[in-house]
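Please find the sequence and the predicted model below.
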Amino acid sequence: MKYIYQITMDKIKFCILDVYPNDNFRICKDTAGGYGTGNNFGNSILSKILNVFTATQIHQPTMGVGYLLSILKNEVSEVQYTNDASSKMVQDADFVVLNSSIVAHETELKALEYLNEINKKTFVIGIFSSIKKEEYLKSNSILIEGEAEKFFNETKLNIENLNKLFNSGDKIIKAGFVENLDSLPFPDWVAYTKIRKLKNNFLNFDNRTAIPILATRGCPYSCFHYCTYPLQQGRKVRARTPENIVSEIQHWCTHFKNPKFIFRDPVFSINRKHTVALCNLLIEKKIKVDFLVETHLKNLDDELIKLLKDAGLKLVYVGVESKHTDVLADINRATVTQDTQYETIKKLEEKNIHVKSMFMIGNPEDDENKVKETIDYSRYLRNTLAQFSVFTPYPGTPLFKSYENILTSTKYEDYNQYNLVFKHKHLNASKITKLKNLAYSKFYLRINSTKLVYFYVRNFLLNLFATQNK
Ligand code: SF4
């Protein structure tokens, strides 16, 4: 008689916990180099409408979550994702992975306290926990410094190894950066969209799945004094091969109906040769997709604009920040001349590549008049969309030291890039709110462009129709 012994091994259960405060505007942890931002455009009627619009029509999680959903789902482990610390998924997990940020900092600490109380072994990931280590380190937590996907992708995941880590007393794992980005699996957005839809309905205001994707990581530019991207990704640019990126795009085209792509690179087209190769490959393979990028105006020339258009670029975010050169020089922001800004934006818009120009108000050298002139300048540029955020000194950046003694808020969730959080020479919080209201109403209620009015009305109706027919 034959006996068949079947050994069944339970999989290790991971749960990614991603908590958010309850605000009535959109909070995203992926922006501002993983510190996150909150889109609180002000308190006028238009600003409130825009708050609701972005909160309901744009949603992208952190890229790290997408990668971990993929890496932690394998023959030895399974993974779930939740926004609720008290959920059964958390209760049942062997290990929790808590995603940190500045915009949800206090809410995350509360969740961590709870995880500590229920004795749940917790990995804390994300750049902000590396900046505020002492606050995220609890008796049951281990903090991963650097890119968590590197640690989980390169570590042999078995319960003994992981338990050993928690018993070792080492509280910090220095993961570093992923050198070869092609070595990572594609993020698992199919798993994510079972929980929440990936949306970016500003891209032609339509309702298709918006896939976040990365071509490069890292930014070497001089604005690292105030910017958090170099903290999260380093100042050296790392790029995936064009073949690997295109293969991911093809992968998502088979899983979602006609998706659009949101490139999350800090500065797309920072390496011209790489961008040209990527666009050529998309064109050569006849892959027809729409995509959105964020870049610096100095990285766009006529030839590249044409190539990007042919490859499917529909919307580009560019940082203009301020009209005033002294304001920009003070924060080490390199820029192109105003003539070049105007001409490049005009060329993009003429090719039907919509431009969202991004401005910062409340910069250290701003005063009310300078901000108003910057708002007028945003109208002069005549691009389709604009964003006005508030200068924020971030813990961890070189510039933060000069602000430590003049901070007006000790609550980090206020550091969402839409609040004034330090004592400004010429402005205060209520003035900033009024200037935000003014900026959004002056920009979005301009009727000096029939093309623009057509764009807003057509796309608003299309979106409404798509939503009703979902
Ligand atoms: S260009 Fe400047 S603001 Fe943009 S990601 Fe690089 S350092 Fe940050």
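Looks like it came in fine. Predicted model, so just to flag it, every value in this text is computed and none were measured.

doesn't Val316 fall inside a strand?
Yes: applying DSSP: H, G, I helix; E, B strand; the rest coil, one finds Val316 inside a strand.

and it, what does it touch?
Residues near Val316 by C-beta atoms under 8 Å, 6 or more residues apart in numbering: Leu292, Val293, Glu294, Thr295, Leu300, Leu308, Leu348, Ile353, His354, Val355, Lys356. (C-beta placed from N, C-alpha, C; glycine too.)

Dump those residues to TSV, plus neighbour count, secondary structure and pLDDT.
What follows is these, written out as TSV (neighbours: other C-beta atoms under 10 Å; DSSP: H, G, I helix; E, B strand; the rest coil; pLDDT from 0 to 100):
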residue	neighbour count	secondary structure	pLDDT
Leu292	25	strand	96
Val293	23	strand	97
Glu294	20	strand	97
Thr295	22	strand	96
Leu300	25	coil	96
Leu308	26	helix	98
Leu348	23	helix	97
Ile353	21	coil	95
His354	22	strand	94
Val355	22	strand	96
Lys356	17	strand	96
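
Tabulate those (TSV), appending distance to Ser389.
Formatted as TSV, those follow (distance: C-beta to C-beta, whole Å):
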residue	distance to Ser389
Leu292	18
Val293	19
Glu294	13
Thr295	17
Leu300	22
Leu308	25
Leu348	21
Ile353	22
His354	19
Val355	17
Lys356	12
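
Nearest to Phe166 among the residues you listed?
Of all the contacts of Val316, Phe166 sits closest to Glu294, with 38.4 Å by C-beta to C-beta.

buried stuff in stretch 295-312?
For stretch 295-312, the neighbour count (16 or more other C-beta atoms under 10 Å) marks 295-300, 304-305, 307-309, 311-312 as buried.

hang on, the earlier thing: nearest to Lys285, of the contacts of Val316?
The closest of the contacts of Val316 to Lys285 turns out to be Leu308 (C-beta to C-beta; 16.0 Å).

Leaving out sequence neighbours, find the closest residue to that closest one.
Spatial nearest neighbour of Leu308, excluding adjacent residues (C-beta to C-beta, 6 or more residues apart in numbering): Cys279 at 6.0 Å.

What about the one you found, how many residues nearby?
Residues lying near Cys279 (other C-beta atoms under 10 Å) number 21.

Then Asp23?
16.

And the strands in the stretch 51-200 of the chain?
Counting by DSSP state E, counting those that start in this stretch, one finds strands in the stretch 51-200 of the chain at the ranges 58-59, 77-82, 95-99, 121-125, 141-146, 172-176, 199-200.

Over to the stretch 251-400 of the chain?
With strands called from DSSP E, counting those that start in this stretch, the stretch 251-400 of the chain shows them at 260-263, 290-295, 313-321, 354-361, 385-390.

Provide the strand pairings for the third one, with the direction of each partner.
What that stands for is strand 313-321. Next to strand 313-321 in the sheet, as set by DSSP bridges, lie strand 290-295 (parallel), strand 354-361 (parallel).

Correct me if wrong: Thr374 contacts Ser322.
Yes: at 5.1 Å, Thr374 and Ser322 qualify as touching, with contact defined as C-beta atoms under 8 Å.
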